[in-house]
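Trainee: this one's sequence-less:
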């Protein structure tokens, strides 16, 4: 056998081994993957809404309930422990303060929810408004709990 034939046979053998290795590496993969399911919140959402209320004014914040449940609002600060303001829950609109109230109360700050309302999944809003008693702007904060 000549050296040239030996080199050609050796090259053919190497090519065949390389092709075989590639065939093994590219085998048929029959493993299945399980699709992931998006997680949904298991409990209510708690959010804090803080702003400044001016005399004669109203300030609203929108939020989205993801399921049926109850929304509660707690006025935690309103310029002082005896400052009385309006607190309401409603649905967003284009009017004054961008919230059409479905329920509202006059309240002072406290450590327990002052207002609650049953809701379905959808968009809602909370509003803090002057009852006509403010003589200067006040800072306030509201804690919302909603489904």
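Mentor: Thanks, I have it. For clarity, every value in this text was computed on a predicted model and none was experimentally measured. Numbering: from 1, shown residues only.

Trainee: which SS state does the closest residue to residue 50 other than its chain neighbours fall under?
Mentor: Excluding the flanking residues, the one nearest residue 50 by C-beta to C-beta, 6 or more residues apart in numbering is residue 141, at 4.0 Å. Using the backbone N, CA and C atoms, a C-beta is placed for each residue, glycine as well. Secondary structure assignment for residue 141 (DSSP: H, G, I helix; E, B strand; the rest coil): strand.

Trainee: I'd like the distance between residue 141 and residue 79.
Mentor: Residue 141 is 11 Å from residue 79, where distance means C-beta to C-beta, to the nearest Å.

Trainee: surely residue 132 meets residue 58?
Mentor: No. Taking C-beta atoms under 8 Å as the definition, residue 132 is not a contact partner of residue 58, at 11.7 Å.

Trainee: the more surrounded of these two?
Mentor: residue 58 (18 against 8; other C-beta atoms under 10 Å).

Trainee: now do the same for the more buried one: its pLDDT.
Mentor: According to the prediction, residue 58 has pLDDT 96.
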